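K.L.:
Below: sequence and its predicted model.
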Amino acid sequence: MKRRFNNFISIENFSREEIFLILKITERMEKQIRIGINRKLLERRTLGILYENDHHSRLSFEIAMKKLGGNVVSYFSIDPVKNARIISGYCDVLAVRGEKEGTSELISEMVTKPVINAGEFHQDICKIIEILYSINKTHKTLENLNIGIFGDLKYNRFLHSLINILTLFNSKLYFISHDELQLPIEILKELNQNKIFFLESNNFESVVDKLDVLYHNGITSKEFINHNEYEKAESQFSIDENTLVGVNQNFILLSSQPNNMISKRLDNSKHSKYFMQNVCGIYVRQALLGLSLGAIKYEK
Amino acid sequence: MTDVDNQINKLNEEFMNRRDFLVKEGVVIDNIPQGRSLEIVKILNLKTKTRIHIDMNLNHEEDVKDKMVIEEINIKDKKLNLLPLISQDILIKFIEEYKVIEEFKPELPKFIEDILICTNSKCITKNCTSNSNLSKFRVINKSPLLLRCVYCESKFNMTNLKLNIP
């Protein structure tokens, strides 16, 4: 197996075909877990989780590993780089969630064990594959979909890398955001150069009936200087039943969790798939763990 | 200015421009942007005993440039290939026995390590306590120059980056 398939650090290291392959493996993993086989796939293997901030993604890594029969050690540290070498000696694979950008890349250079990026500010490979998998699961395709993205499009670099990946699948992109948080010009220029269809909007009403998928990332008060402005934006971009009137039959709503801007009444709607997305995240992480430990082969 | 003065100036200029042929063995670095030759000395990390001739502010086709002659032939190519970071026009000539034996434009390698500093304040290379000089950039485009930090994946052109030289 090629060395680069051991580490899962940036989604941009993977081609379209490789992403499809990972999705296929995830699908197979989901079926196997449901039937009840593969419970001892990673028996006697240990996952080390290094984290700088606590998040439910740590929990999903733990559950993913335990469901495959493996062990988990997790270690909280303000400087994960310093302790990475020591922790890597205790385990077979590392999952790193750092505050600073590039922590997992640096750690993967230092240690000989495979490293999985468990989420950084600019890059979250598990979350992106989780989103792609959820879309693929409900729509049975990734091609030619109308995908809306809401969030802090200006500064949130995770959304930039998500947009970058979606362009691989001929998606039509709709960027919904507050006027002050629209995409930077450089990225719009790049999209124009690659002849990707996109539309910018500052409200849901004008675009929501065209969408197949809406990814709602939420916004936080950090992005606004004025707190009143934030409260205004929060009420303007919150989603409830009224926002989703007139959407497509197959429309799905995905979101980062926890997200205060989505009404609790929407949780049981047939369009809301964000809890399903979270469960899919476990299968994605299981697939990545299996691949990086060599327990799953890459062949189709 | 008299004609004689003009002639002397011209001769002077010619002499300065041909000074590389007065060196028996060495490397000539030409077309350096005005005032940046000292940065090159630092990038190449030359030995203290090496003799270096630096000509600054030479007139060159309505332009002003610097020129440098280093009396050492064993400079590593790897370091010379970093010079496009200063300017894309830089030209390098190798001299042996007062003759130019090789002339080439340096080309940047795929990865540039240690010589640049990432300016993204959230990048791990800015916050890493164990290795303060850590940096690694991937060259995406050679002209116009576009670099990308391997760690934080931010894209930069040379105007947004700092050289890591003392």
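P.N.:
Nice, I can see it.
K.L.:
What about the nearest residue to residue B:150 once chain neighbours are set aside, how many residues nearby?
P.N.:
Leaving aside its sequence neighbours, residue B:150 sits nearest to residue B:136 (C-beta to C-beta, 6 or more residues apart in numbering or on different chains; 4.3 Å). Quick note: C-beta positions are derived from backbone N, CA and C, even for glycine. Residue B:136 is flanked by 19 other residues according to other C-beta atoms under 10 Å in any protein chain shown.
K.L.:
What pLDDT is listed against residue 101?
P.N.:
Using chain A here. The confidence metric pLDDT takes the value 90 at residue A:101.
K.L.:
oops, chain B please
P.N.:
Note for residue B:101: predicted pLDDT of 86.
K.L.:
so what's the nearest residue to residue A:210 once chain neighbours are set aside bridging to?
P.N.:
Leaving aside its sequence neighbours, residue A:210 sits nearest to residue A:146 (C-beta to C-beta, 6+ apart; 5.3 Å). Note on residue A:146: beta-bridge partners residue A:172, judged by DSSP bridges.
K.L.:
Residue A:146 contacts residue A:213, doesn't it?
P.N.:
Yes - taking contacts as C-beta atoms under 8 Å, residue A:146 lies within contact range of residue A:213: 7.4 Å.
K.L.:
Kindly report the residues of the stretch 51-200 of chain A close to chain B.
P.N.:
Applying C-beta under 8 Å from any C-beta of the partner chain, we find that the stretch 51-200 of chain A lies next to chain B at A:79, A:81-82, A:98, A:100-103, A:105-106, A:121-123, A:157, A:161, A:186.
K.L.:
which residues does residue 50 contact?
P.N.:
Using chain A. A:74-75, A:77, A:80, A:83-84, A:87, A:94-98, A:107 (C-beta atoms under 8 Å, 6 or more residues apart in numbering or on different chains).
K.L.:
look at chain B instead
P.N.:
When the contact criterion is C-beta under 8 Å, 6+ apart, the partners of residue B:50 are B:70, B:71, B:72.
K.L.:
Could you show which parts of chain B are in contact with chain A?
P.N.:
Contact residues, chain B versus chain A (C-beta under 8 Å from any C-beta): B:120, B:122-130, B:134, B:149-155.
K.L.:
ok, the residue of the stretch 201-300 of chain A found nearest chain B - contacts?
P.N.:
Here the residue of the stretch 201-300 of chain A nearest chain B is residue A:222; by C-beta to the nearest C-beta that distance is 13.3 Å. Under the criterion of C-beta under 8 Å, 6+ apart, residue A:222 has no neighbours.
K.L.:
Give me the buried subset of the residues of chain B next to chain A.
P.N.:
Taking 16 or more other C-beta atoms under 10 Å in any protein chain shown as the criterion, what is buried in those is B:120, B:122-128, B:134, B:149-154.
K.L.:
which ones among these are found in strands?
P.N.:
Those of these mapping onto strands are residue B:149, per DSSP state E.
K.L.:
any idea which of the buried ones among the residues of chain B next to chain A is closest to residue B:166?
P.N.:
Residue B:166 lies nearest to residue B:134 out of these, by C-beta to C-beta, at 16.6 Å.
K.L.:
Let me see the contact set for the closest one.
P.N.:
Going by C-beta under 8 Å, 6+ apart, residue B:134 touches A:106, B:114, B:125, B:128.
K.L.:
With residue B:118 as the reference, measure out to it.
P.N.:
Applying C-beta to C-beta, to the nearest Å, the value for residue B:134 to residue B:118 is 9 Å.
K.L.:
what's the overlap in contacts for the two?
P.N.:
residue B:125.
K.L.:
sec struct for residue A:209, please.
P.N.:
Under DSSP: H, G, I helix; E, B strand; the rest coil, residue A:209 falls in the helix class.
K.L.:
hmm, back to that, restricted to buried residues, select the residues of the stretch 51-200 of chain A next to chain B in PyMOL.
P.N.:
Burial among those is assessed by 16+ other C-beta under 10 Å; the matching PyMOL selection reads:
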select buried, chain A and resi 79+81+98+100+101+102+103+105+106+121+122+123+157+161
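K.L.:
returning to that earlier point: among the buried ones among the residues of chain B next to chain A, which one lies nearest to chain A?
P.N.:
residue B:151 (2.5 Å).
K.L.:
Give me the phi and psi for the closest one.
P.N.:
Dihedral pair for residue B:151: phi -80, psi -60, per degrees, to the nearest 10.
K.L.:
So which elements touch whatever helix or strand residue A:81 lives in?
P.N.:
Per DSSP states H and E: residue A:81 is located in helix A:80-90. Other helices and strands packing on helix A:80-90, by 3 or more C-beta pairs under 8 Å, 6 or more residues apart in numbering or on different chains; DSSP states H and E, are strand A:46-51, strand A:71-76, strand A:93-97, helix A:103-110.
K.L.:
What segments of the stretch 151-300 of chain A are strands?
P.N.:
A:172-176, A:198-201, A:213-216, A:252-255 (DSSP state E, counting those that start in this stretch).
K.L.:
coming back round to it: touching, the residue nearest to residue B:150 and residue B:148? I think so.
P.N.:
No - using C-beta under 8 Å, residue B:136 makes no contact with residue B:148, being 9.9 Å away.
K.L.:
and residue B:154, what does it touch?
P.N.:
When contacts are counted by C-beta under 8 Å, 6+ apart, residue B:154 touches A:101, A:122, B:118, B:120, B:123, B:148.
K.L.:
between the residues you listed, which is closest to residue A:297?
P.N.:
When the contacts of residue B:154 are ranked by distance to residue A:297 (C-beta to C-beta), residue A:122 comes first, at 30.8 Å.
K.L.:
Tell me which residue is most central in chain B.
P.N.:
Central residue of chain B (C-alpha atoms, centre = their mean): residue B:83, 3.8 Å from the mean position.
K.L.:
and stretch A:255-265, which residues are buried?
P.N.:
Those would be A:255, A:256, A:261, A:262, A:263, for stretch A:255-265 by 16+ other C-beta under 10 Å.
K.L.:
end-to-end on that stretch?
P.N.:
For stretch A:255-265, the first-to-last residue distance is 15 Å (C-alpha to C-alpha, to the nearest Å).
K.L.:
ok, residues contacting that stretch?
P.N.:
Residues from elsewhere that reach stretch A:255-265 (C-beta under 8 Å, 6+ apart): A:56, A:127, A:215-219, A:234, A:237-241, A:253, A:272, A:274, A:277-278.
K.L.:
can you give me the helices for the chain?
P.N.:
Reading this off chain A. A:16-35, A:56-67, A:80-90, A:103-110, A:125-139, A:157-166, A:185-193, A:227-237, A:274-292 (DSSP state H).
K.L.:
ah, I was thinking of chain B
P.N.:
For chain B, the helices defined by DSSP H occupy B:3-17, B:37-44, B:77-80, B:124-127.
K.L.:
out of the ones you listed, deepest packed?
P.N.:
When those are scored by mean count of other C-beta atoms under 10 Å in any protein chain shown, the highest mean neighbour count falls to helix B:124-127 (a mean of 21).
K.L.:
now that one, how far from the centre of its chain.
P.N.:
How far helix B:124-127 lies from its chain's middle: 27 Å, per C-alpha atoms, centre = their mean, to the nearest Å.
K.L.:
check contacts around the spatially most central residue of chain A.
P.N.:
By C-alpha atoms, centre = their mean, chain A has its centre lying nearest to residue A:127, at 1.4 Å. With contact set as C-beta under 8 Å, 6+ apart, residue A:127 has these partners: A:57, A:119, A:158, A:256, A:281.
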